[in-house]
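> I need the structure of the sequence given here:
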Amino acid sequence: LAERGIDCRVERASGRDPEYEGELLSSGAIVDRVLRERGGSAND
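Below is the predicted model:
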């Protein structure tokens, strides 16, 4: 993400159930969403 100019921090959290529908708890899903919304893909 930093290579794409996206400033973010992803921290590991202990496993838990989502607090609301659509909450992202997987770091992979978070990265995919950021890249999709900012343009690009994880494979770029």
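
> which residue sits closest to the spatially most central residue of the chain, ignoring its sequence neighbours?
In the chain, the C-alpha nearest the mean C-alpha coordinate belongs to residue 30, at 1.5 Å (Cα atoms, centre = their mean). Excluding the flanking residues, the one nearest residue 30 by Cβ to Cβ, 6 or more residues apart in numbering is residue 24, at 4.9 Å. Every residue, glycine included, has its C-beta placed from N, CA and C.

> tell me the SS of residue 37?
Using DSSP: H, G, I helix; E, B strand; the rest coil as the criterion, the local structure at residue 37 reads helix.

> count of residues packed around it?
9 (other Cβ atoms under 10 Å).

> cool, and residue 38?
A count of nearby residues for residue 38, using other Cβ under 10 Å, gives 11.

> dump the residue contacts of it.
Taking Cβ atoms under 8 Å, 6 or more residues apart in numbering, we find residue 38 in contact with 4, 6.

> how far away is residue 18 from residue 25?
Using Cβ to Cβ, to the nearest Å, one gets 6 Å for the distance from residue 18 to residue 25.

> between these two, who's got more neighbours?
A count of neighbours by other Cβ under 10 Å puts residue 25 above the other of residue 18 and residue 25, at 12 against 9.

> Pretty sure the more buried one sits against residue 16.
Yes - at 7.2 Å, residue 25 counts as touching residue 16 under the criterion of Cβ atoms under 8 Å.
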